[in-house]
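J.: Need coordinates for the following:
(chains A and B)
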2 protein chains.
Amino acid sequence: MEYALPTRRSDNFPQWYQCVVEQADLAEESGVRGCMIIKPWGYGIWERIRSQLDHEIGRLGHENCYFPLFLPLSMIKSETDHVEGFSKEMAVVTHHRLTVIDGTLGVDPGAQLDEPLIVRPTSEMMVGSAFSRWIHSYRDLPVLINQWANVVRWELRPRMFLRTSEFLWQEGHTAHGSHDDAMRETLSILEMYNSFAEGVLAMPVIAGEKPPHERFPGAVSTFSIESMMQDGKALQAGTSHYLGTNFARAQNIQFQSATGENCFAHTTSWGASTRLIGGVIMSHGDDDGLQLPPRIAPQQVLLVPILRGQPSDEEVLRFCDQLASELRQQSVFGEPLRVKVDQRDVKAVAKRWQWVRRGAPLVCEIGPRDVAADTVSFIRRDQLRSDDKLRFVTLPRAEFRATVRAALEDMQSALFSRASERMNRNIATGIGNMRELREFFGNSDDESARQVGWARVPWSRPDGDASADILAELKAMKVTVRNAPMRQDPIEQPCIFTGRPAVERILIARAY
Amino acid sequence: MEYALPTRRSDNFPQWYQCVVEQADLAEESGVRGCMIIKPWGYGIWERIRSQLDHEIGRLGHENCYFPLFLPLSMIKSETDHVEGFSKEMAVVTHHRLTVIDGTLGVDPGAQLDEPLIVRPTSEMMVGSAFSRWIHSYRDLPVLINQWANVVRWELRPRMFLRTSEFLWQEGHTAHGSHDDAMRETLSILEMYNSFAEGVLAMPVIAGEKPPHERFPGAVSTFSIESMMQDGKALQAGTSHYLGTNFARAQNIQFQSATGENCFAHTTSWGASTRLIGGVIMSHGDDDGLQLPPRIAPQQVLLVPILRGQPSDEEVLRFCDQLASELRQQSVFGEPLRVKVDQRDVKAVAKRWQWVRRGAPLVCEIGPRDVAADTVSFIRRDQLRSDDKLRFVTLPRAEFRATVRAALEDMQSALFSRASERMNRNIATGIGNMRELREFFGNSDDESARQVGWARVPWSRPDGDASADILAELKAMKVTVRNAPMRQDPIEQPCIFTGRPAVERILIARAY
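T.: As a prediction, the model looks like this:
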């Protein structure tokens, strides 16, 4: 069978991924290392993600605002603990002017900044300094804010969407009067990310707490949602941090309590990024390209007129336009159906395959025979092939119209079920000791070992030397502890690392 | 009479402006020169502007995408003509890592970039290089794209919203097969900005073409919308450029025509920014703070419960919540009414004044007496005072509910009418020579001269030496040619600069 992509998942997963990014018109290299151009179809997906996630963030009482792109170096210095753990790969602005020197444009040596500026890798420090001005009394709390912004973390080995030097994200920052309030916020955001990933991206995730060595620098607790990609690796798709009073102490975020005492605020931060698009690709894509959950598809129904340079073309176009406007009057997932008529002067079969590669949920081809019979022939992207053939379904127009909504809803949940079953099937739960763990992940240089999935193993939360030894072992296996899932059954087995009584199960995996 | 702001417009307009920005909680200094923090109320206004303008941009067939924050220096060099005219005040990234040196965090001298990166002052060059990859055939045209992004132009004398080193904007970029198509695009965008400013921001503008010396560097024609602020100065609120084939030649954007010839594309670009918020402030604000056109108010109706720490408080809150949910079921300007109950533990009178300063259209105060009588007492922000008193109106709840929508629509058009009358009243049309022009603008150091408004004068489009002399004269008067309005009556007077027959009238003004 011939597939639409030159590379198959089973042959070379990383290359297949690059192939989808390119062939689905999602993004391309910009010529600036690690910075990508997000093309209209890719950005349309991001806009759908952003608007729906933004709605959830707002519903929980957060307000959007905007903090500067640049941080003064001195502000980063003040956050020593934080910076210790944080990567120091940041873009540094040192000059503010270009000039022509000997006929060539260059950096003006006379325009050096007194203090270098850092392009924000995250805004904790800038937000913290604002919080210290905004917060005076318990009456000012909680402060619940969010921003949608670009951030920069220099990447030496960039990969589109997954690891880019510049990326787009939302970062939430909140301040509360007590540990309990801040922890409630941290967990309610984790729960929001969980339902968003599953409900909107159709991407099953496991929410849990990160072990100490995987915490955000300066955080007291870090929680994440982790999703399994088709190659068995884990993708961290969102994190939520309880920062205790660590940042409040460093930045003097104090308030007077109802009883008149001066207290440090408890803060949180949390984020999700364009990396989610990478997760969608690797959760749902196949050897014919992307498959988009209808909730985030920039267009849900594509109408491709079959034009032949004949007078009948006009009727075909009229039929398409009319069908499109009928469909647009319907709603799905609480929004009007997104329908596009692809009128470009390109062969219908080429347009069909372009929309297949792009992952459009329903692709309809309309020719003179459909007009005559008042029918619609369509492909449902997640049911593209049946044996060796493309699976076209032809329905009377009225019936098509009446079933579009259900088809999109069904595709949304079918994508989730498929990914969910795959994830559950590929989490090994019977591993009882280190030898079995090593066998499970196999030789990390072995190509086939990439598809093994995750291990869920009992763990005693060792610390100190025991912990360091375990980390070294895991590192040698090229795996990491992803998280300790929130939902835990009672546990009786011993910790596979220490043999001591286990307190919980953790997920171990190779990861992006 | 006591006003809500410490500074009055008539005393010191620039200081009044800063005062509104601060007292309406729009934005604040960040500690990084020229970069502001846009606070939730200010950012909420931007979100409303963005979503409505984005809708119009999309309706005209443009697709959003995202281009990188950084441009390589070499890409800027390739655009010599463009850069010649463009300010060279740009933020330059020279290093990609921090490091600890002698116990202090600093820039790692070993992490210098091979080629400096420029933080985008605009994306023409990056987009152009993408267009040269995307466009091959006439079938690929037009390409119509837009992006919402942050850009940086180093400002030595920054002013919140009006002139900041980092600002937020949309930039549209399009490529077409012919001069006519590209010019049609340029003008349809100008028209879109015009109706958006007037219809959504209630800000009257005059659309016209810039004279040659005011064109965007590299453009063949530049068009703008100009609005008159309350101090009589002009604010350029949006620009649309026809770039001819200049950028296409510099960046090799070529296509094969239907007849097989290689042609350069005709491109356009156009933008509007957070500067629009400055325009809204200076168009509608008064000595009590901001007045927001309801279409862009983050909240349109504020319900302020009068709480007394008594059992009746609960009834008051219940009344407010119920009223809020009744109101939210209504629509205005095609969207659900935006209503907020301000439950903060702060005195009602303090809350009232905060919302007045913030420019919320309708501010209601609800106390136990209103609950008992089933009434609502409210202030309409643009009719705040009557003689010396606040103008509270009290209506039965059902009547209030039934009139809210009309009140908001009326306020939207009242703000426009008021600003429009002021603009028309302050455009002098009878100036016949240079002496009169000089008299009109008066001594530029004279404080009172700031309020004079604009001059509309006949002009012969002089060029060469004549043009240079005129520019020098205008510069001495601290005024500039804003544009030649699109709507022109027949003209018989001579050019006031050259005495030759005039071809059109131009607007001359002091400007932001």
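
J.: ok, which residues in the stretch 101-250 of chain A are in contact with chain B?
T.: Contacts of the stretch 101-250 of chain A with chain B, taken as Cβ under 8 Å from any Cβ of the partner chain, map to A:104-108, A:116-119, A:126, A:129-130, A:133, A:139, A:145, A:149-150, A:152, A:154, A:166, A:168. Every residue, glycine included, has its C-beta placed from N, CA and C.

J.: Helix, strand or coil: sort out the residue in the stretch 151-300 of chain A positioned nearest to chain B for me.
T.: Among all residues of the stretch 151-300 of chain A, A:Trp154 sits closest to chain B, at 4.4 Å; criterion: Cβ to the nearest Cβ. Here A:Trp154 is recorded as coil under DSSP: H, G, I helix; E, B strand; the rest coil.

J.: Now the buried members of the residues of the stretch 101-250 of chain A next to chain B.
T.: Taking 16 or more other Cβ atoms under 10 Å in any protein chain shown as the criterion, what is buried in those is A:105, A:107-108, A:116-119, A:126, A:129-130, A:145, A:149-150, A:152, A:154, A:166, A:168.

J.: Inside helices: which ones of these?
T.: With helices taken from DSSP state H, the overlap with these comprises A:126, A:129-130.

J.: would you turn those into JSON lines with pLDDT and distance to B:Glu191?
T.: Shown next, in JSON lines, are these (pLDDT from 0 to 100; distance: Cβ to Cβ, whole Å):
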{"residue": "A:Met126", "pLDDT": "96", "distance to B:Glu191": "39"}
{"residue": "A:Ser129", "pLDDT": "95", "distance to B:Glu191": "43"}
{"residue": "A:Ala130", "pLDDT": "97", "distance to B:Glu191": "39"}
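
J.: which residues sit against the helix or strand harbouring A:Gly208?
T.: Using DSSP states H and E, A:Gly208 sits within strand A:206-209. By Cβ atoms under 8 Å, 6 or more residues apart in numbering or on different chains, the residues outside strand A:206-209 that reach it are A:190-191, A:193-194, A:221-227, A:423, A:482-486, A:506-507.

J.: got the CA positions of that strand in CSV?
T.: Output of strand A:206-209 as CSV, limited to C-alpha atoms (Å, rounded to 0.1, in the frame of the first residue of the first chain):
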residue,chain,number,x,y,z
ILE,A,206,-1.6,10.8,33.6
ALA,A,207,-1.5,13.6,36.1
GLY,A,208,0.9,13.2,39.0
GLU,A,209,3.6,14.8,41.2
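
J.: what's the offset of it from the middle of its chain?
T.: 15 Å (Cα atoms, centre = their mean, to the nearest Å).

J.: same question, stretch A:351-366
T.: Going by Cα atoms, centre = their mean, the spacing between the C-alpha centre of stretch A:351-366 and its chain's C-alpha centre is 24 Å.

J.: Endpoint to endpoint, that stretch covers what distance?
T.: Its first and final residues considered, stretch A:351-366 spans 12 Å by Cα to Cα, to the nearest Å.

J.: number of nearby residues for A:Asp410?
T.: 15 (other Cβ atoms under 10 Å in any protein chain shown).

J.: Tell me how far it lies from chain B.
T.: Distance, A:Asp410 to chain B, by Cβ to the nearest Cβ, to the nearest Å: 28 Å.

J.: what about that residue, helix or strand, and which?
T.: helix A:397-425.

J.: Which among the contacts of strand A:206-209 count as buried?
T.: For those, a burial check counting by 16+ other Cβ under 10 Å picks out A:190-191, A:193-194, A:221-227, A:423, A:482-485, A:506-507.

J.: Of these, which belong to helices?
T.: Those of the buried ones among the contacts of strand A:206-209 lying in helices (DSSP H): A:190-191, A:193-194, A:423.

J.: now the residues you listed as CSV including pLDDT and distance to A:Asp370?
T.: Listed next are those as CSV, based on pLDDT from 0 to 100; distance: Cβ to Cβ, whole Å:
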residue, pLDDT, distance to A:Asp370
A:Leu190, 98, 48
A:Glu191, 98, 46
A:Tyr193, 98, 43
A:Asn194, 98, 43
A:Met423, 97, 40
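
J.: Surely A:Phe70 touches A:Glu115?
T.: No - between A:Phe70 and A:Glu115 there is no contact under Cβ atoms under 8 Å: 10.4 Å.

J.: and those two? which has more neighbours close in?
T.: Legend: neighbour count by other Cβ under 10 Å for A:Phe70 and A:Glu115, higher for A:Phe70 (27 against 11).

J.: next one: phi and psi at the more buried one?
T.: phi -110, psi 140 (degrees, to the nearest 10).

J.: excluding its backbone neighbours, what's nearest it?
T.: Nearest-residue entry for A:Phe70: A:Leu117, 4.0 Å, with adjacent residues in sequence omitted and distances by Cβ to Cβ, 6 or more residues apart in numbering or on different chains.

J.: And the pLDDT for the closest residue to chain B within the stretch 351-500 of chain A?
T.: As assessed by Cβ to the nearest Cβ, chain B sits closest to A:Lys351 within the stretch 351-500 of chain A, at 11.8 Å. Note on A:Lys351: pLDDT of 97.
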